[in-house]
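*Asks:* sequence and computational prediction follow.
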Amino acid sequence: MEIYLDAILTIFEWQNLISIVTGVTIGIIIGAIPGLGAVTAIAAMLPITFKLDPVTGIMLLLGVFCGATYGGSISATLIHTPGTPSAAATLFDAYPMAQKGVAGRALGFGVISSGIGGLFSAFVLLFLGPAVAKWALKFGPPELLAVCLFGLTMVASISGASLLKGLMAATLGLLFASIGQDPLTGVERFTLGNVDLLMGIGLVTILVGIYAGSEILRLTELLKKEEGLGVTKKLSIELPSFKELRNQMRNFIWSAGIGTIVGIIPGVGAAIASFISYGEAKRRSKHPEDFGTGIPDGIVASETANNAVTGGALVPLLTLGIPGCPVAAILLGALIIQGLYPGPKLFVEHQHVAYSLFVGLIVANIFMVGLGIMGIRFFSKVIIVPKAILIPIIVIFCTVSIYSIYSSIFQIWLFFFFVMFGYLFQKFGFPLAPIALGFVLGSLTEKSFRQTLIMFGGSFTFIHERPLVSVLLIITFLSLLRPLFLKWRKRNK
């Protein structure tokens, strides 16, 4: 108990509190800019930490991590463009809510859900971190493959009215993910002899392209026709009531659990967590047809899950020294620069620092909620910016962000290709979400599948030799049967 008290006193020193507030503020701003996100924000802040006290420096980066993860939902809600890949599922319901004139309400649900998800995973890290990390070590390529297969079953939940069109869109996403070099052999695939395609299509390029692109051209059409956007200029902060939060309790628990578990598994990430959580929330709902029309349930599922990944990702990093995502890899470098080597020894040689980081993550999430609520009034004003001004600003942010990430003019040309692709795809009634899901899961699914076959000599014996794989595949099979069962029960009633 004494170590927890010391950690709390350390975090509440003025320099550490200022570091957290600064980090969260910067994270929210950068996360809200389409295409940037937590990786870019933390990489930009890393040099500043070199001269700071270890706890103060890491607190700055953790604040940026929490803020940027939430910040992606702001642009997803207001301009139909995910600020970060993890917010791609958030816009399914958040943007329709903003179009109905309740942007403040959508942002209110987003920030509260983000805080609950982040706090849940932070407490898991604080009290169960070492024990959970040992369980995470059991995840190898076979288990990752099973998780990816489960994620791909979400296509049925996010395909809209036509499952066939959803499957076609997901297949396209998988094909786009295969462009570039073979992940295991390095052989060129579908590059058409173009050297620039060797690196493949960037995740930010395709997500921002299909979502921002479709919205940019739609707004341009409305300008030409001199039509309104169907949103009111009356802006106000509208946080969910206690009754609404209580009604969402089951959704909070499920989504926070999914996000934390996915965050703990190395190599998966927040984008996958948000898609899985959104699909599961839709499956559990008594009115799945309402998802995608602008209901709080979709926002709660996505935002709770992707923010729960923040604490989950730190479990293998701090307890085992294994970075499970790009952000964790940068944090690993920051810790090593400060002379702190993550792993079991961290809790022996630098126990005070380790527990200070745990408590600091909780405080960072609390500040994130507070700053998010304070900023809702300012964020909401985006929807009253004249569209003739907003459209070029969105285009400039998107192109600059993509170039800053990939340092490639070709990726910008790809962005404009996906702008037209996403616009035409929607015009013909195809959903965009399955493309994003297929692309996000594509490379990880292929890599895990081939590594698994290599491990087991081309045999599928891993299904019964790895108990965890068997459990995950059974859950996947049952999740596929559940809609059929519900339809059969409804027909019999």
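*Replies:* All right, it came through fine. Numbers count the residues shown, from 1 in each chain.

*Asks:* centroid-nearest residue for the chain?
*Replies:* Nearest to the mean C-alpha position of the chain, counting by CA atoms, centre = their mean, stands Ser86 at 1.9 Å.

*Asks:* now for that one: which residues touch it?
*Replies:* By CB atoms under 8 Å, 6 or more residues apart in numbering, the residues touching Ser86 are 37, 69, 72, 269-271, 273-274, 306, 309. From N, CA and C alone the C-beta is placed, and that goes for glycine too.

*Asks:* make JSON lines out of these and add neighbour count.
*Replies:* What follows is the contacts of Ser86, written out as JSON lines (neighbours: other CB atoms under 10 Å):
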{"residue": "Gly37", "neighbour count": "30"}
{"residue": "Thr69", "neighbour count": "32"}
{"residue": "Gly72", "neighbour count": "36"}
{"residue": "Gly269", "neighbour count": "23"}
{"residue": "Ala270", "neighbour count": "30"}
{"residue": "Ala271", "neighbour count": "27"}
{"residue": "Ala273", "neighbour count": "30"}
{"residue": "Ser274", "neighbour count": "36"}
{"residue": "Asn306", "neighbour count": "37"}
{"residue": "Val309", "neighbour count": "33"}
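
*Asks:* tell me which two of the residues you listed sit farthest apart.
*Replies:* Spatial extent of the contacts of Ser86 (CB to CB) is set by the pair Gly37 and Ala273 at 14.7 Å.

*Asks:* quick revisit: A helix includes the residue nearest to the centre of the chain, no?
*Replies:* Yes. Membership of Ser86 in a helix is supported by DSSP: H, G, I helix; E, B strand; the rest coil.

*Asks:* and the pLDDT at it?
*Replies:* pLDDT, Ser86: 78.

*Asks:* now swap in Phe120 and tell me
*Replies:* pLDDT, read off for Phe120, is 90.

*Asks:* and it, how far is that from Gly257?
*Replies:* According to CB to CB, to the nearest Å, Phe120 stands 8 Å off from Gly257.

*Asks:* who touches both of those two?
*Replies:* Ala308.

*Asks:* who has more neighbours, the two?
*Replies:* Phe120 (23 against 19; other CB atoms under 10 Å).

*Asks:* neighbours of Thr293, how many?
*Replies:* Thr293: 13 neighbours (other CB under 10 Å).

*Asks:* ranges for the helices of the stretch 101-250 of the chain?
*Replies:* 103-136, 141-152, 155-158, 163-177, 203-225, 242-247, 249-264 (DSSP state H, counting those that start in this stretch).

*Asks:* ok now the fifth one, how far from the chain's centre?
*Replies:* With CA atoms, centre = their mean, to the nearest Å as the basis, the distance from the averaged C-alpha position of helix 203-225 to the chain average is 21 Å.

*Asks:* for the first one, same thing?
*Replies:* Centroid displacement of helix 103-136 relative to its chain, using CA atoms, centre = their mean, is 13 Å.

*Asks:* helices or strands up against it?
*Replies:* Using 3 or more CB pairs under 8 Å, 6 or more residues apart in numbering; DSSP states H and E, the elements in contact with helix 103-136 are helix 54-79, helix 91-99, helix 249-264, helix 296-320, helix 351-380.

*Asks:* looking at this structure, which helix or strand is least sure?
*Replies:* helix 155-158 (a mean of 65; mean pLDDT, DSSP states H and E).

*Asks:* on that earlier part again, out of the contacts of Ser86, which is nearest to Arg377?
*Replies:* Gly72 (19.4 Å).

*Asks:* isn't that closest one right up against Thr90?
*Replies:* Yes. Using CB atoms under 8 Å, Gly72 is in contact with Thr90, at 7.5 Å.

*Asks:* of the helices and strands packed on helix 103-136, which is nearest Gly279?
*Replies:* The nearest among the helices and strands packed on helix 103-136, by CB to CB, is helix 296-320 at 8.5 Å.

*Asks:* so how far is the next helix or strand after the closest one from its chain's centroid?
*Replies:* Later in the chain than helix 296-320, the nearest helix or strand by DSSP states H and E is helix 326-337. Between the centre of helix 326-337 and the centre of its chain there are 19 Å (CA atoms, centre = their mean).

*Asks:* shared neighbours, Gly72 and Thr90?
*Replies:* By CB under 8 Å, 6+ apart, the residues touching both Gly72 and Thr90 are 82, 306.

*Asks:* coming back round to it: adding distance to Phe12, write the helices of the stretch 101-250 of the chain out as a markdown table.
*Replies:* Converted to a markdown table, these look like this (distance: least, CB to CB, whole Å):
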| stretch | distance to Phe12 |
| --- | --- |
| helix 103-136 | 16 |
| helix 141-152 | 38 |
| helix 155-158 | 43 |
| helix 163-177 | 45 |
| helix 203-225 | 37 |
| helix 242-247 | 27 |
| helix 249-264 | 26 |
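
*Asks:* compare those and report which one is nearest to Ile362.
*Replies:* helix 103-136 (4.5 Å).

*Asks:* re earlier: how about the helices and strands packed on helix 103-136 in TSV, adding mean pLDDT and distance to Ala329?
*Replies:* Below are the helices and strands packed on helix 103-136 laid out as TSV (pLDDT from 0 to 100; distance: least, CB to CB, whole Å):
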stretch	mean pLDDT	distance to Ala329
helix 54-79	85	12
helix 91-99	85	27
helix 249-264	87	14
helix 296-320	84	9
helix 351-380	82	16
